[in-house]
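generate a structure from the sequence data that follows.
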Amino acid sequence: MTRVRTVLAMRTREGCEQQFEEAWLSAATQIGTLDGCLRQDLLRDINDPRSYLIISDWADRERLDAFGRSEHRDQLLRVVRELRDSAHRNTYHVLHSLRGDTEEPR
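Residues are numbered from 1 along each chain as shown. Coordinates of the predicted model:
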């Protein structure tokens, strides 16, 4: 099985940035407990505070797809979808991951 990474580009409705971030964090906390979910990151564009990337790593495509088809997913992400103007997702096979010599603290 090959690890996969999804990259979801989203743009929030104007004035909904904080609410979007809170809704994502709530949903991501629950999604992170699911079998196969390895990691999730929310990134905000430095120059456009309404533009975000949601990056998630899954153990394999099968578990990602099972989650993607689930009613549980629809329930968890309903609020996030209501706060966005647009979204576009791509899924990639992770071929290599390299760490730097040092990792800065968050």
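
could you use CA atoms for every contact and neighbour count after this?
OK.

reduced to three states, what does residue 29 come out as?
Following DSSP: H, G, I helix; E, B strand; the rest coil, residue 29 is assigned to helix.

can you pull out the helices in this protein?
Shown for the chain, the helices assigned by DSSP state H span residues 17-31, 61-68, 71-82.

find the nearest non-adjacent residue to residue 28, please.
residue 40 (7.1 Å; Cα to Cα, 6 or more residues apart in numbering).

what residues are up against the one you found?
Counting by Cα atoms under 8 Å, 6 or more residues apart in numbering, residue 40 touches 28, 32, 54-57.

state the distance from residue 99 to residue 91.
According to Cα to Cα, to the nearest Å, residue 99 stands 21 Å off from residue 91.

show me what counts as buried in the helix or strand bottoming out on mean pLDDT in the chain.
Lowest by mean pLDDT, DSSP states H and E among the helices and strands of the chain is helix 71-82, with a mean of 84. Using 16 or more other Cα atoms under 10 Å as the test for burial, helix 71-82 gives 76-77, 80-81.

do the same with stretch 23-39
When neighbours are counted by 16+ other Cα under 10 Å, the buried residues of stretch 23-39 are found to be 23-25, 27-28, 31, 36-38.

return it as CSV; C-alpha atoms alone will do.
The C-alpha trace of stretch 23-39 is given here as CSV (Å, rounded to 0.1, in the frame of the first residue of the first chain):
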residue,chain,number,x,y,z
ALA,A,23,-14.9,24.5,12.1
TRP,A,24,-11.9,22.9,10.3
LEU,A,25,-10.1,22.3,13.7
SER,A,26,-13.2,20.7,15.2
ALA,A,27,-13.7,18.4,12.1
ALA,A,28,-10.0,17.6,11.8
THR,A,29,-9.8,16.6,15.4
GLN,A,30,-12.4,13.9,14.8
ILE,A,31,-11.1,12.9,11.4
GLY,A,32,-7.6,12.4,13.0
THR,A,33,-9.0,9.5,15.1
LEU,A,34,-10.0,7.5,12.0
ASP,A,35,-8.2,4.5,10.8
GLY,A,36,-5.7,5.5,8.1
CYS,A,37,-5.6,9.2,8.8
LEU,A,38,-1.9,10.0,9.5
ARG,A,39,-1.7,13.8,9.5
